[in-house]
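Asker: here is a sequence together with a model predicted from it:
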Amino acid sequence: MGWWGQMAFDNDEALDWAGDLFEFETKTPVEVVVNLRRVLREALRANPIDVRTGTLAIPAAEIVAASRGRRRAHLPDYVNAWVKKHGNLLGTQDARLAMDALFLLTSIHSGVTRMWQGDDLTKFERYLNGLRVRVKNACRR
């Protein structure tokens, strides 16, 4: 798995996952929502959160934030298209689920945070903290 930056979709695993969900429109909007919730629930059950689980929970939370009007990060075009068309399917409960997963991800020494060191870790933590704030605000919408 390759990472080239600290944002949600700056890695092969997240792009492959999102591509499978969105790009070819082989899944119904409800199937996409179910998959997003599954990914976030897996992060809540993991102790500690392994690299793959965290790598998918972060873009899932980013999609929830964007769907709730709190978009910041660059999202792949096919994700943006889905959010514009079906983002209303994700509600406050999804934002709370994403917030809980991100809290756990940033509260413990997860596999994802162990990948980073020095300035890269600082950038990654700053990004995650910003995402947590946006997801928290999405709960209030």
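Answerer: Yes, it's here. Residues are numbered from 1 along each chain as shown.
Asker: output the contacting helices and strands for the lowest-mean-pLDDT helix or strand in the chain.
Answerer: The helix or strand of the chain with the lowest confidence, counting by mean pLDDT, DSSP states H and E, is helix 111-114 at a mean of 74. Counting contacts by 3 or more CB pairs under 8 Å, 6 or more residues apart in numbering; DSSP states H and E, helix 111-114 packs against helix 51-67, helix 92-107, helix 118-140. C-beta: built from backbone N, CA, C; applies to glycine.
Asker: so which of those comes closest to V30?
Answerer: helix 92-107 (12.9 Å; CB to CB).
Asker: tell me how far the closest one lies from the chain's centre.
Answerer: Distance of helix 92-107 from its chain centroid, counting by CA atoms, centre = their mean, to the nearest Å, is 10 Å.
Asker: repeat for stretch 104-112
Answerer: 14 Å.
Asker: if I look at the nearest residue to L90 once chain neighbours are set aside, how far off is A61?
Answerer: Distances taken as CB to CB, 6 or more residues apart in numbering put S67 closest to L90, at 4.1 Å, once the chain neighbours are dropped. Separation of S67 from A61 (CB to CB, to the nearest Å) stands at 11 Å.
Asker: same question, P29
Answerer: From P29 to A61 the distance is 18 Å (CB to CB).
Asker: neighbour count winner among these two?
Answerer: A61 (30 against 15; other CB atoms under 10 Å).
Asker: what is the neighbour count of D119?
Answerer: 8.
Asker: to clarify, my last question referred to E31.
Answerer: 11.
Asker: contacts for the helix or strand harbouring it next, please.
Answerer: Per DSSP states H and E: E31 is located in helix 29-45. With CB atoms under 8 Å, 6 or more residues apart in numbering as the test, helix 29-45 has contacts from 17, 21-22, 27, 49, 53-54, 56-57, 60-61, 63-64, 82, 85-86, 89-90, 94, 97-98, 100-101, 104-105.
Asker: please repeat the previous calculation with a cut-off of 6 Å.
Answerer: With contact meaning CB atoms under 6 Å, 6 or more residues apart in numbering, helix 29-45 is reached by L21, I49, T53, L56, A57, A60, H86, L89, L97, A98, D100, A101.
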